[in-house]
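K.L.:
Here is the input, now give the coordinates:
(2 chains)
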Amino acid sequence: MARAVTPQRKAVTTLAAWTVALLIFFPVLWMVLTSFKTEASAVAMPPQFLSADWTTANYAEVWARSDYPRFFLNSVIISLGSTLLGLAVAIPAAWAMAFVPGKRTKDLLMWMLSTKMMPAVAVMIPLYLVFQRLGLFDTRIGLVMALMLMNLPIIIWMLYTYFKEIPAEILEAARMDGASLWNEIVHVLTPMAIPGIASTLLLNVILAWNEAFWTITLTTTKAAPLSAFIASFSAPQGLFYAKLSAASTMAIAPILILGWFSQKQLVRGLTFGAVK
Amino acid sequence: MGKIQLRAVRKSFGDVHVIPGIDLDIEDGEFVVFVGPSGCGKSTLLRLIAGLEDTTSGTIDIDGKDATNLPPAKRGLAMVFQSYALYPHMTVRKNIAFPLKMAGMDQAEQDRRVERAAKVLNLASYLDRRPGQLSGGQRQRVAIGRAIVREPAAFLFDEPLSNLDAALRVGMRQEISELHQSLKTTMIYVTHDQVEAMTMADKIVVLHAGRIEQVGSPLELYRNPRNIFVAGFIGSPKMNFIEGPEAEKHGAYTIGIRPEHITVGDGPWEGTVGLSEHLGSDSFIKVNVEGLGVINVRGTGELDVHHGDRIRLAPAGKIHRFDKEGLAL
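P.N.:
Have a look, this model is predicted:
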């Protein structure tokens, strides 16, 4: 029997959903509002929700004081580069795990995932030293490599889940039709997994864009992306909340816009395979 | 050419010996059907020939050349799968042309072959549709089209009609038979449906637990089954088997009588009618005969017998005799 949805029940659940959504969104909203306040009203007690004197001076000052386009470009290169490189490695890996699994494939998948459970700081010193010795410190290629390796388990796991949904018979048909392994992956598997690959790409671009621990640890100036740009506004003399908020808003705006336009794809990707 | 020879072919998955050892010759142009119950190894045998599974030992020769270790693409065979296995992101035209594209054929020749296959299979008006927009029968035709454009040495069919409804199945069965007659290419067809096997095959290979029980033409298998398994598997309804004194009278451990070889009327066996099915053209009756058990009878036309009637039966055709091991005497 279908569960009855009364208007009251609907109203309560809608209210609850809005409350939770606002709670999650509130810090972002507060940050955006603060970015348009003066430093004085940003730290005023009690907090002013709507400031008396709105200003865009924080943005102008942040723009003037730092090289935003360079940080932005670094973020784009690092997040896209690490994701695309990750996909290039993960597609064949996920293919092998999904279609020609060995006895230890499940263990390997679990092991890969377990590396994500390790605190990043545990490998900070060795990775820092490796980066210095190899001349990768504060380079875009270094960060691309680091973030690719950090996110590779997630990329492989996601693709593995999508590939498992593709009937093996279709790939066998391609083999019978004379397709080499390369053609099988390029002409059959990849086009069929496009929705899954797109979701994986989007999610990993967002993860790489927002990554702060490694981007701050492994860069100084040249390769620093927007996460390091935010950090550069927390001065030892004290925090300038309005300017910090303006910098943060400028840093997250591009990815927020990307996320907004691709939310349908993202949601589909994250729930893919939940129901056959 | 499409002559295929299997010599001592074995296949094991770990400790499970799916094919304990098979020798088989398939002549050029033959329509061979592998038939047997679920799990008998018929699909595995087909996949070994296709190259989709590696043999554990033994050799597979195609047109006199050892193909045992060749990848599927190099064997010159085409396969039609039970689930059609069409590429959902490609149009019918691209699906059919895919093997030609993989072979590096020029576009004009690809187009010519696709058009010809589409004409043969009545797909000409669907060439720009995607598989998702086609019915089951049309999808199966596309799968066949994809196989025929390559002009392979042999076609392999893995239960291709199982996903179709009964009416469509009969139609497609006839189309595949006609296709074989016009192409005269070797076809190996896997099915669990003995009616498909009987109606389509030049040669039937009956498999059981990974072993070949008998190879022969449909009527050879029907008339002279080599053992009880083949006798019971070929023919519908199933052959009646009788043991005990009645079998001993014929000098056998078990005797087998086909339902269509028993007449209703006068006869030595008396029993009560259980289930009776009247199809108009045929009547199928189950009779509980004292001392023999349930006997299936198939009568031509309308037999006026119903549930609970007492009737007499008489064997009126060949009585198959089997020894204690189930081998034909």
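
K.L.:
what bridges to B:I22?
P.N.:
Beta bridges link B:I22 to B:V9, judged by DSSP bridges.

K.L.:
ok, now which ones touch it?
P.N.:
Each residue near B:I22 by Cβ atoms under 8 Å, 6 or more residues apart in numbering or on different chains is listed here: B:6, B:8-10, B:45, B:58, B:210-212. Where C-beta positions appear, they are placed from N, C-alpha and C, glycine not excepted.

K.L.:
packing partners for the strand or helix carrying A:Y59?
P.N.:
Per DSSP states H and E: A:Y59 is located in helix A:57-65. On a contact count with 3 or more Cβ pairs under 8 Å, 6 or more residues apart in numbering or on different chains; DSSP states H and E, helix A:57-65 meets helix A:241-261.

K.L.:
Check which residues of the helix it packs on are buried.
P.N.:
Buried residues in helix A:241-261, counted by 16 or more other Cβ atoms under 10 Å in any protein chain shown: A:241-252, A:255, A:258-259.

K.L.:
what does stretch B:195-215 give?
P.N.:
For stretch B:195-215, by 16+ other Cβ under 10 Å, it's B:196-198, B:200-208, B:210, B:212-215.

K.L.:
again, but for stretch B:215-232
P.N.:
B:215-216, B:218, B:221-222, B:225-231.

K.L.:
now, among those, which is nearest to B:V142?
P.N.:
For the buried residues of stretch B:215-232, the minimum distance to B:V142 (Cβ to Cβ) is 29.2 Å, reached by B:P218.

K.L.:
ok, the nearest residue to that closest one once chain neighbours are set aside - contacts?
P.N.:
Distances taken as Cβ to Cβ, 6 or more residues apart in numbering or on different chains put B:M198 closest to B:P218, at 4.5 Å, once the chain neighbours are dropped. Residues in contact with B:M198 (Cβ under 8 Å, 6+ apart) are B:204, B:218, B:222, B:234.

K.L.:
From those, which land in strands?
P.N.:
B:I204 (DSSP state E).

K.L.:
Which ones among the contacts of B:M198 lie within helices?
P.N.:
B:218, B:222 (DSSP state H).

K.L.:
Among the contacts of B:M198, which pair sits farthest apart?
P.N.:
Top of the distance list for the contacts of B:M198 (Cβ to Cβ): B:I204 and B:Y222, 9.6 Å.

K.L.:
Common neighbours of those two, please.
P.N.:
By Cβ under 8 Å, 6+ apart, B:I204 and B:Y222 have these common neighbours: B:198, B:234.

K.L.:
Show the residue spans covered by the helices in the stretch 151-276 of chain A.
P.N.:
For the stretch 151-276 of chain A, helices defined by DSSP state H, counting those that start in this stretch occupy the ranges A:168-176, A:181-183, A:190-192, A:194-210, A:213-217, A:226-231, A:241-261, A:263-271.

K.L.:
Residues contacting the fourth one, please?
P.N.:
Residues outside helix A:194-210 that contact it (Cβ under 8 Å, 6+ apart) are A:75, A:78-80, A:82-84, A:86-87, A:90-91, A:147, A:151, A:154-155, A:158-159, A:161-163, A:165, A:190, A:225-227, A:252, A:254-255, A:258-259, A:262, A:265-266, A:268-270, A:272, B:89.

K.L.:
Report the residue ranges of every domain in chain A.
P.N.:
A:7-59, A:66-232 (automatic domain parsing).

K.L.:
Can you lay out the ones you listed as JSON lines showing mean pLDDT, distance to B:V264 and mean neighbour count?
P.N.:
Formatted as JSON lines, these follow (pLDDT from 0 to 100; distance: least, Cβ to Cβ, whole Å; neighbours: other Cβ atoms under 10 Å in any protein chain shown):
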{"stretch": "domain A:7-59", "mean pLDDT": "87", "distance to B:V264": "68", "mean neighbour count": "13"}
{"stretch": "domain A:66-232", "mean pLDDT": "90", "distance to B:V264": "48", "mean neighbour count": "18"}
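
K.L.:
and the helices of the stretch 151-276 of chain A as CSV, adding distance to B:H320?
P.N.:
Converted to CSV, these look like this (distance: least, Cβ to Cβ, whole Å):
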stretch, distance to B:H320
helix A:168-176, 40
helix A:181-183, 52
helix A:190-192, 52
helix A:194-210, 57
helix A:213-217, 79
helix A:226-231, 83
helix A:241-261, 74
helix A:263-271, 60
